[in-house]
Each structure stands twice: as structure tokens, then as C-alpha cells.
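> below are the sequence and a predicted model for it; my questions follow.
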Amino acid sequence: MQYGYLGRAGLRVSRICLGTGAFGEFPGGPKEYGGVDRATGFAVMDAALDAGINFFDTANVYGGVGHRGVTETIIGAWFAQGGDRRERVVLGTKVGRVFEQDEIDGPNKDQGLSLYKIRRHFAASLRRLGTDHIELLQMHHADHNVGWDELWEAFEGLVRQGTLDYVGSCNFAAADLACAQAEASARNFMGLISAQHRYNLLDRTIERDIAAEAIRLGIGITVWSPLARGLLAVDTTGQPELSKDAQRQLHEHRSQLKEFSELCRDLQTYEATVAVAWLLSRPGVSSVVIGPGSVAELEQTLPATELTLDDSTLARLDEIFPA
């Protein structure tokens, strides 16, 4: 496993981050929420740690509607098995999205941020995760209804009391990143060290301005949906078994994905490996968040850290998936 700094912070994390959004324990849930049962989740986390992955990503709302918090609870149960699991993991979770079943919060359960909500929801995450500290707390979305003086007061308080180390963002526009850092600097606070965004060969939107702004500000980019919800892991030279939604997307991008699969066959490796290796080669990317549904899926992606794509391959990928 390779490691790198998370933005300008001195924190070193694995360049592959274990995403846990698929972890859940209820029947009938879509794969992104509830497709991985507790036993499989435990096996995936064990395998990730054994492979040298020290960076785990989750969110307080993972589990889906009616099951918010389930994913954090599974991770907490895994930590509770003992040993040095907890101390070997750099743990990132999130705050800010709607938490429907938390009636005690009243109107503050809705999507948004405030000192009140951050304090309460962070404390609830600590309880579910069975830990007394979290390394990285990320704002799930920007909230333009609240000022940065209030938000930085909330996060500074958690850092001062020793329950939080760093703050990150998710899905922020370039202007939001710039504003956040300017306000943090005015308070002599470190501000954001990471910015999580959707980024993959089929969706290069952040290359317009977000990636450049993150690099300018010293914020490390972490990537979600690196395989475009599995589409970039499909061998289109065969007969893949896909859901109806995936089949529709495959039809939309069939010519590109066919060329991509042919390139991967020439490279003698998996589509998922190439897709992640490409992201790891992109400027500003600190870590790529993968969401394996099994140990086998995890193992298919791990070689990406050892795969160096030469200039001709990178040029071919630009031809297939233009920016």
C-alpha cells in the first residue's frame, strides 16, 4: 500500500480509502445502502487493514432512509472486537444531511449545518462508533444559510476538547472552499484539510475549477464514486449481469466502455484497477474511496496503487473519456 499526506496536513493516509456506504443489515436495501451484511463488512474491514489501508470513510446517515446510523454501528461493533483496530484506523465520518428518524432534534434533523446540530450529531456518531475521538469530520454539503463564524466555532470547540483532529468538506463548490479557508485563516484556525468529490473517467466535472482551487488552498482531494457506481468495473467484452439502471447507463456509454475494456485487456488488468490508478495519477488527489461489497472486490482494486499508467495509456484514456 502507498501512503501520502492528506492535503497540507501532516497526516499520512493510504491512497486507497475504504468506503463503507454499502454496509447495512436489513433485507431488500439497494447495494449502496444495506447490500453488505455485518459479517461481510467485518471481513472487508479485516482484509482492508491487513492490506495496509489505514483510512476508512463513513457518514452518520449511511444505512439509508429509516436506517440512518446503521453503518456507523457496524463499524463500532468491529472496533469493539478489541485489539488495535481502532488505533490503526484514520476514521472519517460526516455531518449535515437529514436524519429522519431522530425526532428529538425536531426541525434540526433536516439537512443543514449549525453549531447545535454539529455538536449533537457528532456526539451521536461517537456513541455509534464506540470511540472517544474521530480523526476527520466532514461537512456533507455546504449550507449557505449559516455563517462560517458559527461553523468554525463548532469545529474549533471539538478540536479543543480533543474529540476531533481535522475538518473536511464534501461536495463543495470552488467558491465554498475559498470562503471556508479565508474565514478559517482570519480565526487562525487550520480550516479544511480535505475535500471529497465525485470524480471518475465518466465524470470529470471537478477539473473545471474545484480541483485547481483545492490544490491552490492545500486541500487534499478524496474521491467518491471512482467507478461510477460500478460502471467502470464492467468487462463489456463479455456478458455482464447488471441491474436495469446499470444496463441503461451501460447503453448510454457503451462505445466508450467497450473501448475501455479493450484497453484493459491490452494492459492485462481489471477495469476497476485502471480506473482507480488513473485517479491516483491526477493532480491533487490524496486518496480514492472505494466501496467494495466483498473481499474479492477489494482485492481487485488494491493493485491500482502499484500500477503506473504510461503517457500513451493516459493519452488513450483522454481520447476515450475526454475532459
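In hand now; what should we look at?

> and the gap between the closest residue to residue 158 other than its chain neighbours and residue 13?
Computed as CB to CB, 6 or more residues apart in numbering, the closest residue to residue 158 that is not its neighbour in sequence is residue 164, at 3.8 Å. Every C-beta, even on glycine, is put in place using the N, C-alpha and C of the backbone. Counting by CB to CB, to the nearest Å, the gap from residue 164 to residue 13 is 16 Å.

> ok, these two, which is more surrounded?
Between residue 164 and residue 13, residue 13 has the larger neighbour count (other CB atoms under 10 Å), namely 24 against 21.

> let me know the secondary structure of the more buried one.
At residue 13 the chain is in strand, as set by DSSP: H, G, I helix; E, B strand; the rest coil.

> please list all residues in contact with the closest residue to it other than its chain neighbours.
Distances taken as CB to CB, 6+ apart put residue 55 closest to residue 13, at 4.0 Å, once the chain neighbours are dropped. Residue 55 is in contact with 13, 14, 16, 17, 18, 89, 90, 92, 287, counting by CB atoms under 8 Å, 6 or more residues apart in numbering.

> same check on residue 218?
Residue 218 is in contact with 7, 8, counting by CB under 8 Å, 6+ apart.

> and it, what's its pLDDT?
On pLDDT, residue 218 comes in at 96.

> hang on, the earlier thing: I'd like to know how far the residue nearest to residue 13 sits from residue 308.
Taking CB to CB as the measure, residue 55 falls 21 Å from residue 308.

> please enumerate the helices of the stretch 151-300 of the chain.
For the stretch 151-300 of the chain, the helices defined by DSSP state H, counting those that start in this stretch cover 174-186, 210-217, 244-252, 254-267, 271-280, 295-301.

> would it be right to say that residue 131 lies in a strand?
No. Counting by three-state DSSP, residue 131 is not found in a strand; it is coil.

> burial count for it?
Other residues near residue 131 come to 20 when the count uses other CB under 10 Å.

> picking that back up, quick check: which of the helices of the stretch 151-300 of the chain is nearest to residue 68?
helix 244-252 (23.1 Å; CB to CB).

> so, low pLDDT: which residues of this protein?
Counting by pLDDT under 70, the low-confidence segments of the chain come to 25-34, 64, 66, 100-103, 238-246.

> that one: strands as residue ranges?
Ranges of strands in the chain, per DSSP state E, are 3-5, 12-14, 16-19, 55-57, 90-95, 134-139, 164-170, 192-198, 220-224, 285-290.

> in a markdown table: those, plus distance to residue 80.
What follows is those, written out as a markdown table (distance: least, CB to CB, whole Å):
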| stretch | distance to residue 80 |
| --- | --- |
| strand 3-5 | 27 |
| strand 12-14 | 23 |
| strand 16-19 | 18 |
| strand 55-57 | 15 |
| strand 90-95 | 14 |
| strand 134-139 | 16 |
| strand 164-170 | 21 |
| strand 192-198 | 27 |
| strand 220-224 | 26 |
| strand 285-290 | 24 |
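
> out of these, which comes closest to residue 146?
strand 134-139 (10.3 Å).

> for that closest one, the distance to its chain's centre please.
12 Å (CA atoms, centre = their mean, to the nearest Å).

> what pairs with it, parallel or antiparallel?
strand 90-95 (parallel), strand 164-170 (parallel) (DSSP bridges).

> give me the buried stretch members for that strand, please.
By neighbour count on 16 or more other CB atoms under 10 Å, the buried set for strand 134-139 is 134, 135, 136, 137, 138, 139.

> likewise for stretch 316-323?
316, 317, 321.

> same thing with stretch 184-201?
184, 190-201.

> likewise stretch 51-66?
Buried residues in stretch 51-66 (16+ other CB under 10 Å): 51, 53-64.

> would you list the residues you listed in JSON lines and tack on distance to residue 144?
Below are the buried residues of stretch 51-66 laid out as JSON lines (distance: CB to CB, whole Å):
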{"residue": "51", "distance to residue 144": "40"}
{"residue": "53", "distance to residue 144": "35"}
{"residue": "54", "distance to residue 144": "34"}
{"residue": "55", "distance to residue 144": "29"}
{"residue": "56", "distance to residue 144": "30"}
{"residue": "57", "distance to residue 144": "25"}
{"residue": "58", "distance to residue 144": "25"}
{"residue": "59", "distance to residue 144": "21"}
{"residue": "60", "distance to residue 144": "21"}
{"residue": "61", "distance to residue 144": "20"}
{"residue": "62", "distance to residue 144": "24"}
{"residue": "63", "distance to residue 144": "27"}
{"residue": "64", "distance to residue 144": "26"}
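
> go through those residues and say which is closest to residue 257.
Nearest to residue 257 among these: residue 57, at 26.2 Å, using CB to CB.

> list the contacts for that closest one?
Each residue near residue 57 by CB under 8 Å, 6+ apart is listed here: 17, 18, 19, 20, 92, 93, 196, 222, 224, 289.

> which of those residues count as buried?
Buried among the contacts of residue 57 (16+ other CB under 10 Å): 17, 18, 19, 20, 92, 93, 196, 222, 224, 289.

> now those in CSV, with distance to residue 267?
Formatted as CSV, those follow (distance: CB to CB, whole Å):
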residue, distance to residue 267
17, 24
18, 25
19, 25
20, 29
92, 31
93, 36
196, 28
222, 25
224, 25
289, 23
